[in-house]
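*Asks:* Kindly generate the corresponding structure for this input.
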Amino acid sequence: MKKLFVSVIALLAAVSLSAQDLTAIYNEAAAAYGAKDFAGAAAKFEQVIDQGMDSEEAASLVATAKKTLPNCYFYLGGGALKAKKYDEALKNFTKSAELAELYGDMNQMAKANSWVAKIYQMQGGDAFNNKDYATASAIFAKGYAADPDNTDMALNLAMSYCEMFMNSGDMAQYEKGMDIYEAVAAKTHPKYADAAAKAKEMITLYTTNMVAKLQTANDFDGIIAAADAMLAKNPASALAEKVRLQAYANKKDFAKVIELAQTAADAQTDPEDKSLMYYLLGAAYNAKEMKPQAIEAFRKVTAGPAAESAKAALAELSK
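*Replies:* Predicted coordinates for the structure are as follows:
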């Protein structure tokens, strides 16, 4: 043990460098950086950080090295990207982001992660365009994790999940797609306005498709569960209220329709959708032989295709 202790002390003495030595290495790193030899600069800056970490005299050198090292890998990533060496670019941008996070440079981390996301976006593009949504989603998900503000990729990722649901019926894929669409739709900065509007449009489209798919299978409970999940995340969702009420009506669960219809109607902003909610309520009251309540509900149906049906129902109830 004594011999081992002496050996360790000797090793530490051998690798420890003086402030003068560290300054020389730092100057070599700075020269390489200025000459755009970013790989050489990175190696030297790493040596400064490793060897000077416990040296008070080298503290300023180490701090500057930590600030500059992520930039070295960032520029290495940029060079690889220009050469279309995407895997190498991805490796270096990822390294830049990791080091920037480690050393507390959040701006540099965001810049590097933005390029990580863009590379994943490019790599997933071919699979997406070829409708290989499983492959596309696996790639896009990595990019989305790096930069959730890349809304173009986020929309493609959400669409990939939703198309996988349409092909397989796996509700987990639909829910993942909705989570991402809702995250994009919730963005309020003006620069995301078009993306947010597109996300809202796609939420309606794929929810309508989901309902149609599950209706074909008579899976009304599945529709209700999906609507409940949407409402748990967004209690103000008019679409979820509408979908859920229609599913209960299709199940002929008239008591539940009566319980939920007013809330569903209040949530609607489109007159036709509001009228449909009151029509379903009137039909539920009529099925329960609650004539006065049915008449009152049918009289609130004033717009859309439901209006004619409500008019006919009122005529029948007035006999």
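*Asks:* Tell me the helices and strands packed up against the helix or strand Phe93 falls within.
*Replies:* Using DSSP states H and E, Phe93 sits within helix 86-102. Judged by 3 or more CB pairs under 8 Å, 6 or more residues apart in numbering; DSSP states H and E, helix 86-102 is in contact with helix 59-82, helix 106-129. Just so you know, the C-beta spots here come from the backbone N, C-alpha and C atoms, and that holds for glycine as well.
*Asks:* Next up, the contacts around Lys36.
*Replies:* Residues in contact with Lys36 (CB atoms under 8 Å, 6 or more residues apart in numbering) are Tyr75.
*Asks:* I'd like the numbering to begin with 528 instead of 1 from here.
*Replies:* All right, first residue 528 from here; so that's Lys563.
*Asks:* Now it: phi and psi?
*Replies:* For Lys563, the backbone dihedrals (degrees, to the nearest 10) come out as phi 60, psi 30.
*Asks:* burial measure for the nearest residue to Lys783 once chain neighbours are set aside, as a count.
*Replies:* Residue nearest to Lys783 in three dimensions, not counting chain neighbours: Tyr775, with 4.4 Å by CB to CB, 6 or more residues apart in numbering. Tyr775 has 24 neighbours, counted by other CB atoms under 10 Å.
*Asks:* Likewise for Glu768?
*Replies:* By the criterion of other CB under 10 Å, Glu768 has 24 neighbours.
*Asks:* Return the distance of the helix or strand hosting it from the chain's centre.
*Replies:* Here Glu768 sits within helix 765-777, counting by DSSP H and E. Relative to its parent chain, helix 765-777 has a centroid offset of 26 Å by CA atoms, centre = their mean, to the nearest Å.
*Asks:* Just the residues contacting it, thanks.
*Replies:* The contact list for helix 765-777 (CB under 8 Å, 6+ apart) reads 730-731, 734, 738, 742, 747-748, 750-751, 753-755, 757-758, 761, 783-784, 787-788, 790-791, 794-797, 800, 803-804, 807, 810-811.
*Asks:* What is the following helix or strand past it packed up against?
*Replies:* Downstream of helix 765-777, the next assigned helix or strand under DSSP H and E is helix 781-794. Helix 781-794 sits against helix 765-777, helix 798-814, with contacts defined as 3+ CB pairs under 8 Å, 6+ apart.
*Asks:* Tabulate those helices (a markdown table), appending mean pLDDT.
*Replies:* Converted to a markdown table, these look like this (pLDDT from 0 to 100):
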| stretch | mean pLDDT |
| --- | --- |
| helix 765-777 | 96 |
| helix 798-814 | 97 |
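*Asks:* To Ala607, which of those lies closest?
*Replies:* Ala607 sits nearest to helix 765-777 of all the helices and strands packed on helix 781-794, at 44.5 Å, using CB to CB.
*Asks:* Give the buried residues for the closest one.
*Replies:* By neighbour count with 16 or more other CB atoms under 10 Å, helix 765-777 contains the buried residues 765-777.
*Asks:* Tabulate those residues in TSV, adding columns for distance to Ala821.
*Replies:* What follows is the buried residues of helix 765-777, written out as TSV (distance: CB to CB, whole Å):
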residue	distance to Ala821
Ala765	24
Leu766	26
Ala767	25
Glu768	21
Lys769	20
Val770	23
Arg771	21
Leu772	16
Gln773	18
Ala774	21
Tyr775	17
Ala776	14
Asn777	19
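*Asks:* ok, the residue most central in space within the chain - contacts?
*Replies:* Geometric centre of the chain, nearest residue: Ile707, 3.9 Å, by CA atoms, centre = their mean. Counting by CB under 8 Å, 6+ apart, Ile707 touches 671, 681-682, 684-685, 688.
*Asks:* could you give the mean pLDDT of the strand or helix carrying it?
*Replies:* Per DSSP H and E: Ile707 is located in helix 698-712. The pLDDT scores in helix 698-712 average 95.
*Asks:* what's the distance between it and the middle of its chain?
*Replies:* 8 Å.
*Asks:* Let me know the angle separating the helix or strand that it is followed by from helix 765-777.
*Replies:* Using DSSP H and E, the next helix or strand after helix 698-712 towards the C-terminus is helix 720-743. Here the directions of helix 720-743 and helix 765-777 differ by 10 degrees (axes from the mean of the first three to the mean of the last three CA atoms, to 10 degrees).
*Asks:* what's helix 720-743 packed up against?
*Replies:* helix 678-695, helix 698-712, helix 747-760, helix 765-777.
*Asks:* got the contact list for Ala814?
*Replies:* 779, 781.
*Asks:* Alright, calling it a day.
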